[in-house]
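> Okay, sequence plus prediction incoming.
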Amino acid sequence: MVKRERVVRMSVEQPLWRALTVYRLLTVVYAVLLFVSAHRDFVRPWVAIGYLAVLAVWTVATTPKVANAASCTRRFLGADLALALTGILLTPLADDPARIADGGPTIPSIWTAGSVLAFAIKGGWRWAGFASTFVAVANIAQRGEPTRDTLHNVLLVWVASIAIGYVVEVARASEATLARALEIEAATRERERLARDIHDGVLQVLAMVQRRGSEIGGEAAELGRMAGEQEVALRTLVAGGLVPPSRVSRDAAHGALVDTVDVSDPRADEDGLAEIDLRTLLAPHAGSRVSFAEPGAPVPLPGPAARELAAAVGAALDNVRKHAGDGARAWILLEDWGDEVIVTVRDDGPGIPPGRLDQAAGEGRMGVALSIQGRLRDLGGTAELVSVPGQGTEVELKVPRGRTDKR
């Protein structure tokens, strides 16, 4: 089951939203002052006055909309861009044609860039390219032809907005990575704290119960044995976790989210190729009579290969319980050699008499041939069984990484 542990608010892009808010306020003032300085040259100044009044009210009223990514909705972006395009297209109606031909500014002037930058900060470089294209078309239509100055200004806005959009996307990816690292660090510290508390209390009590039960004998011995099994299981859980979750980072409009996904969840392995740490599948086999030795680093394998290998180990341990006797002990050794993974299962039972496996196969009992050797053969690996009467049995399972990836 997928669980959301916590939400880490993004801080990298927040300064960009604050800068955009200030930019919009300053540029609307600039557009008004620009008109006041040249209002005598306008053929229809009342058109510019009406538009600038609407622009000023809109800029002030929508200041909260550009405060963060959550409040800056698509509907607002569309309306904001429409207002900018309207001001560009109204310029030929209000201004003197000769002044426009000489390269005079549009009514909204550089305020239009703020609308494009909002697209860039909200949606990245693709959204920025979309908005700046509309602004480019409007500017060319306002001029009547693609002049040199117009193309220069259009290209400048287009490149700047796309560059800012790309920087925002990189910042979001970095924020998600940082959130994941902080989440793992916090989980590690919490596990260490719990490990100290458990070691100082529960594990010591279980060890004492096991020792005293063995000394007293009778029913107390059985209680001691059960306490020993629980001690081993709990110690394994504290050391690495029986089934530690896989943390997947993603980005949302409100911030970087770190999800905790159980490796047994089919949604975490929809394509069957997601890797699983083999240690998490073998650790539950550890107990009072089964010891598990593992590397300090994860041993990743594709999900299907890891589960098949773990099933083969389980089949080997079943054979130990069935044929080696109740008092037999077993050891699991996991090794990661880079190009292949090796799991060795050894016991101290009586061993397998020569010819016993062939006899079992002839009688139709195919446990070793199918449950162990068959699984490894399907994975492109090998299963070697060595048994000496009176000295136990050893099963070595080898899985090459390259072949499991292809399969």
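Perfect, thanks for sending it. Residues are numbered from 1 along each chain as shown.
> quick one: average confidence on stretch 126-135?
Here stretch 126-135 scores 88 as its mean pLDDT.
> Could you list the residues in contact with that stretch?
Here stretch 126-135 makes contact (C-beta atoms under 8 Å, 6 or more residues apart in numbering) with 77, 81, 84-85, 88, 112, 115-117, 119-120, 154, 157-158, 161-162, 164-165. C-betas here are computed from N, CA, C, even on glycine.
> need the contact list for the residue nearest to Pro108 when sequence neighbours are not counted.
Leaving out its chain neighbours, the residue that sits closest to Pro108 by C-beta to C-beta, 6 or more residues apart in numbering is Gly87, at 3.7 Å. Shown in contact with Gly87 (C-beta under 8 Å, 6+ apart): Tyr51, Leu55, Thr106, Ile107, Pro108, Trp111, Thr112.
> Go again with 10 Å.
The contact partners of Gly87, taken as C-beta atoms under 10 Å, 6 or more residues apart in numbering, are 31, 48, 51-52, 54-55, 94, 106-109, 111-112, 115, 138, 142.
> ok so, going back, what subset of the contacts of stretch 126-135 is buried?
When the contacts of stretch 126-135 are checked for burial by 16 or more other C-beta atoms under 10 Å, the buried set is 77, 81, 84-85, 88, 112, 115-117, 119-120, 154, 157-158, 161-162, 164-165.
> how about the one helix or strand Gln210 maps to: buried residues?
Here Gln210, judged by DSSP states H and E, is contained in helix 202-216. Applying a neighbour-count criterion of 16+ other C-beta under 10 Å, one finds Leu203, Leu206, Val209, Gln210, Gly213 buried in helix 202-216.
> Then stretch 24-33?
Under the neighbour-count criterion of 16+ other C-beta under 10 Å, stretch 24-33 has Arg24, Leu25, Thr27, Val28, Ala31, Val32 buried.
> State the mean pLDDT of that stretch.
Averaging pLDDT along stretch 24-33 gives 93.
> oh, and call the first residue 43 from now on, that's how I've got it
Got it, the first residue is 43 from now on, which makes the last one we talked about stretch 66-75.
> Just the CA atoms of it, as CSV, please.
Taking C-alpha atoms only, stretch 66-75 is exported to CSV below (Å, rounded to 0.1, in the frame of the first residue of the first chain):
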residue,chain,number,x,y,z
ARG,A,66,4.6,43.0,-12.4
LEU,A,67,4.0,45.9,-10.0
LEU,A,68,7.1,47.8,-11.2
THR,A,69,6.4,47.3,-14.9
VAL,A,70,2.7,48.4,-14.6
VAL,A,71,4.0,51.7,-13.1
TYR,A,72,6.6,51.9,-15.9
ALA,A,73,3.9,51.4,-18.5
VAL,A,74,1.8,54.2,-17.0
LEU,A,75,4.7,56.6,-16.8
